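> A predicted structure for the sequence below; I have some questions about it.
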Amino acid sequence: MTTLTRHLWYNRSGVSRILMSLCLVAMTALVTRMAIGQDLVVDLTKNVVQVTTGFTGSDVMLYGHKTGPGDIVVVIRGPLQQIVVRRKKHIAGIWVNGDNMTFDAVPNYYAVASNKPLDDVITSYERDTYQVGSGNVEFEPLDINAPINEIKFFREALIRSKSRQGLYAIAENDLIFLSEDMFRTEFRFPANVATGTFSIDVLLVRDGLVENVKTKLLNVRKFGIEAAVYDLAHRQAWIYGALAILIAALAGWLANAAFRRA
Amino acid sequence: MQIYLPIAEISVNIFLILGMGGGVGFLSGLFGVGGGFLMTPLLIFIGIPPAVAVATEANQIVASSVSGVLAHWRRGNVDFRMGAVLLAGGVVGSTFGVWLFTWLRELGQVDLVIKLSYVVFLGIIGVLMLLESGRAMMKRKNAKPVNEKSHHTWMHGLPLKMRFRKSRLYISALLPFTIGVVVGILAAIMGVGGGFIMVPAMIYLLGMPTSVVVGTSLFQIIFVTANVTMLQAVTNQTVDVVLAMLLLLGGVIGAQIGVRVGVKLHGEQLRGLLALMVIGVSLILTFDLVIEPSDLYSIGPANHSEGH
């Protein structure tokens, strides 16, 4: 090993730090050039999140540039699903699912990031318009005649449950300004996130009002074996079932043959 | 090391799954039971959706019963004629069971029914087994001769009598058929092979000789769990082959160790231990149903049938 490579080897963290700073400088230069004539420019480090065999969740970084004063609020909403919320009741000494309410177009994933506490940044009217904060996520029950009180209970329960699963996250102060105009923030997509398209709204807020909005799309998709198995199971269910049985039967036979000799 | 399960859609620790497969495989080798009744609750406990746990466990049992039946077949301990009648009932029962499962899933009560079936069946079987093995241990101490009882009951008046040479029985085919139906339903709903119900039923209700009971029940279980696997794959898309393969790998090795340990222990002691374990699982699940949950509300994907 030459002295130089050895030096680099032992200072790996130092090297990566230098590389990272170089990247950031390059990024800043690029974004600044793109930003000329616009007051808000944003981009993601990746547009596709791949769900592969080793998938344990993924971090996606968003960075951008703004011109002039103002704060930044980012809202991410994942694929929309129908969700049923069930309430347990006590019957004959055991807890049984009783009443339920189905909500339509519920985001599977929802996250907010901002550079300051939301209350200091944006008016409640604007929060409602742009769905900022889990209380403002828009989804309605299928049964529009359900009592208002009940809707409230079931709605809150849904948000509570989603937060517990790490799928609804509010991160005030998690958006960092690198300079007066450059910002970045990181989002965590947990392993249990749904696949599909996610929309990312970046709001430029001045005096509590939204001045500009930029929207980016992000795709979470299964790849490789994961995608193949899932597709087969859903599109060719008979073949999938037959293969599952065949593999199991073969494995059983192999196990028997292997241990008979041992 | 984490692995993402394509159908369960969660990330699990690969060594945890292998370990569970090994542990349950050890116990099933030790006691000569399928182990589905332990594995399915364990899978649900670590966060696998219950519908996926039940369907995937059925798939795994196909493998373990193929492996088991080959060993018994070589010793001539499989009554294929009896197995075929049990199987006919099993196909009817498990088809109905998967249909019932899908219906309960739409109602939102499938978790409750799975847990209740476990509590009731494991509770009853566990207590019966404990009493039985206690009595057997007492008998061994007193060294009294065991008298073979042959009783004539209403069961012998049923029509469609068939001769089962290997089991040395001449009984109505309706009896094993009915047992097959009941076990088939349980296989579909509980994600078990049903050996823990079928084996006592074959010994005490049909009066089959103990030597052919396990082989014959394993023979029937292969086809019933294969039927459940296919129907779950087609109706609910809940069979996770990656999970099944991992469980299988651990299970095969565990079972072989279990068998080797098992031969060193007394039959009655083994059955007593198994009874305690069965009662234990039943109690844990009872506890789960009786204790007030920390959040009364739970969420799940809406079924399309509720949508219109």
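Perfect, thanks for sending it. Numbers count the residues shown, from 1 in each chain, chains lettered A, B, ... in the order given.

> tell me which helix or strand residue 125 sits in.
As the question left the chain open, I've gone with chain A. helix A:124-129 (DSSP states H and E).

> ah, I was thinking of chain B
Element membership of B:I125, judged by DSSP H and E, is helix B:110-142.

> show me the contacts for the closest residue to A:P79 other than its chain neighbours.
Leaving out its chain neighbours, the residue that sits closest to A:P79 by CB to CB, 6 or more residues apart in numbering or on different chains is A:G196, at 3.0 Å. Glycine gets a C-beta too; all of them are placed from N, C-alpha and C. Listed by CB atoms under 8 Å, 6 or more residues apart in numbering or on different chains, the contact partners of A:G196 are A:78-79, A:108, A:219-220.

> may I ask which two of these are separated the most?
Farthest pair in those (CB to CB) is A:N108 and A:N219. Separation: 13.5 Å.

> of these two, who's got more company?
Neighbours per residue (other CB atoms under 10 Å in any protein chain shown) separate A:N108 from A:N219, with A:N108 holding more: 22 against 14.

> quick check: residues of the stretch 151-262 of chain A near chain B?
A:153-154, A:157-158, A:160-162, A:191-192, A:194, A:222, A:225-227, A:229-230, A:233-234, A:237-238, A:240-245, A:247-249, A:251-253, A:255-256, A:259-260, A:262 (CB under 8 Å from any CB of the partner chain).

> count of neighbours near the nearest residue to A:Y110 once chain neighbours are set aside?
Closest residue to A:Y110 apart from its sequence neighbours, by CB to CB, 6+ apart: A:Y168 at 4.8 Å. Counted by other CB under 10 Å, the residues lying close to A:Y168 total 21.

> could you check how far A:Y168 is from A:V137?
Here A:Y168 is placed at a distance of 8 Å from A:V137 (CB to CB, to the nearest Å).

> what do you get for B:S94?
42 Å.

> about what we covered before: spit out the residues that contact A:Y168 and A:V137 alike.
What both A:Y168 and A:V137 touch, as defined by CB under 8 Å, 6+ apart, is the set A:110, A:159.

> now intersect the contacts of A:G196 with the helices, please.
Applying DSSP state H to those, no entry is found in helices.

> and which of those residues is nearest to chain B?
A:N108 (9.7 Å; CB to the nearest CB).

> that closest one touches A:G78, doesn't it?
Yes. Using CB atoms under 8 Å, A:N108 is in contact with A:G78, at 4.3 Å.

> chain center to the strand or helix carrying B:V224: distance?
Element membership of B:V224 [criterion: DSSP H and E] is helix B:210-235. Relative to its chain's centre, helix B:210-235 lies at 9 Å (CA atoms, centre = their mean, to the nearest Å).

> touching chain A at all, the helix or strand immediately after it in the chain?
Downstream of helix B:210-235, the next assigned helix or strand under DSSP H and E is helix B:241-262. Yes. Using CB under 8 Å from any CB, helix B:241-262 comes into contact with chain A via B:241-242, B:244-245, B:248, B:252, B:256.

> now do helix B:241-262: distance to the chain's middle.
Worked out by CA atoms, centre = their mean, helix B:241-262 lies 16 Å from the chain centre.

> now for it, which elements pack on it?
helix A:237-261, helix B:14-31, helix B:50-74 (3 or more CB pairs under 8 Å, 6 or more residues apart in numbering or on different chains; DSSP states H and E).

> strands along the stretch 101-250 of chain A, start to end?
A:110-114, A:140-141, A:168-172, A:176-177, A:182-189, A:196-206, A:209-222 (DSSP state E, counting those that start in this stretch).

> what about the ones you listed, which gets the closest to B:S67?
strand A:209-222 (31.8 Å).

> find the centremost residue of chain A, please.
What sits nearest the mean C-alpha location of chain A, by CA atoms, centre = their mean, is A:F189, with 4.0 Å.

> please name the spatially closest residue to that residue (chain neighbours excluded).
Using CB to CB, 6+ apart, the nearest residue to A:F189 is A:S58, at 4.9 Å.

> quick one, phi/psi of that neighbour?
phi -150, psi 150 (degrees, to the nearest 10).

> which residues touch it?
A:49, A:188-189, A:220.

> make it 10 Å
Shown in contact with A:S58 (CB atoms under 10 Å, 6 or more residues apart in numbering or on different chains): A:46, A:49-51, A:187-191, A:193, A:220.

> could you dump those residues into TSV with distance to A:R87 and pLDDT added?
Formatted as TSV, the contacts of A:S58 follow (distance: CB to CB, whole Å; pLDDT from 0 to 100):
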residue	distance to A:R87	pLDDT
A:K46	40	89
A:V49	34	92
A:Q50	37	91
A:V51	32	91
A:F187	31	89
A:R188	30	89
A:F189	29	90
A:P190	25	89
A:A191	28	87
A:V193	26	90
A:V220	31	93
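
> most neighbours among those, please name it.
For the contacts of A:S58, the largest number of neighbours (other CB under 10 Å) sits with A:V51, at 25 neighbours.

> now that one, nearest residue through space, not along the chain?
A:K222 (4.6 Å).

> distance of that neighbour from A:V49?
A:K222 is 10 Å from A:V49, by CB to CB.

> I'd like to know how far B:V52 sits from A:V202.
On the measure of CB to CB, B:V52 and A:V202 end up 37 Å apart.

> typo on my end, it should be B:R75
Counting by CB to CB - B:R75 and A:V202 are separated by 71 Å.

> what about the two, which has more around it?
A:V202 (25 against 10).

> I figured the more buried one hits A:T215, correct?
Yes. Here A:V202 reaches A:T215: they are 7.6 Å apart, a contact under CB atoms under 10 Å.

> who touches both of these two?
Contacts common to A:V202 and A:T215, judged by CB under 10 Å, 6+ apart, are A:42, A:75.

> quick revisit: can you say which of the helices and strands packed on helix B:241-262 is packed in most?
Among those, the stretch with the highest mean neighbour count (mean count of other CB atoms under 10 Å in any protein chain shown) is helix B:50-74, at a mean of 26.

> find out how far that helix is from the centre of the chain, if you would.
That offset, for helix B:50-74, works out to 9 Å (CA atoms, centre = their mean).

> cool, and stretch B:171-187?
14 Å.

> list the buried residues of it.
By 16 or more other CB atoms under 10 Å in any protein chain shown, the buried positions in stretch B:171-187 come out as B:171-187.

> same deal with stretch B:90-102?
Those would be B:90-95, B:97-98, B:101-102, for stretch B:90-102 by 16+ other CB under 10 Å.

> quick check: mean pLDDT of it?
What stretch B:90-102 shows for mean pLDDT is 92.

> near chain A at all, it?
No. Stretch B:90-102 lies out of reach of chain A by CB under 10 Å from any CB of the partner chain, never closer than 11.5 Å.

> export that stretch to PDB, keeping only CA atoms.
C-alpha atoms of stretch B:90-102 as PDB (Å, rounded to 0.1, in the frame of the first residue of the first chain):
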ATOM      1  CA  GLY B  90     -61.500 -32.700   4.300                       C
ATOM      2  CA  VAL B  91     -61.800 -31.200   0.800                       C
ATOM      3  CA  VAL B  92     -65.500 -30.400   1.500                       C
ATOM      4  CA  GLY B  93     -64.700 -28.900   4.900                       C
ATOM      5  CA  SER B  94     -61.700 -26.900   3.900                       C
ATOM      6  CA  THR B  95     -63.500 -25.500   0.800                       C
ATOM      7  CA  PHE B  96     -66.400 -24.400   3.000                       C
ATOM      8  CA  GLY B  97     -63.800 -23.100   5.600                       C
ATOM      9  CA  VAL B  98     -62.000 -20.800   3.100                       C
ATOM     10  CA  TRP B  99     -65.400 -19.500   2.000                       C
ATOM     11  CA  LEU B 100     -66.300 -18.900   5.700                       C
ATOM     12  CA  PHE B 101     -62.900 -17.200   6.300                       C
ATOM     13  CA  THR B 102     -63.400 -14.800   3.400                       C
END
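
> any weak-confidence spans in chain B?
B:140-156, B:303-308 (pLDDT under 70).

> gap between B:R168 and B:P209?
7 Å.

> give me the common contacts of those two.
In contact with both B:R168 and B:P209: B:D79, using CB under 10 Å, 6+ apart.

> check contacts around A:E180.
Applying CB under 10 Å, 6+ apart, the residues contacting A:E180 are A:66-69.
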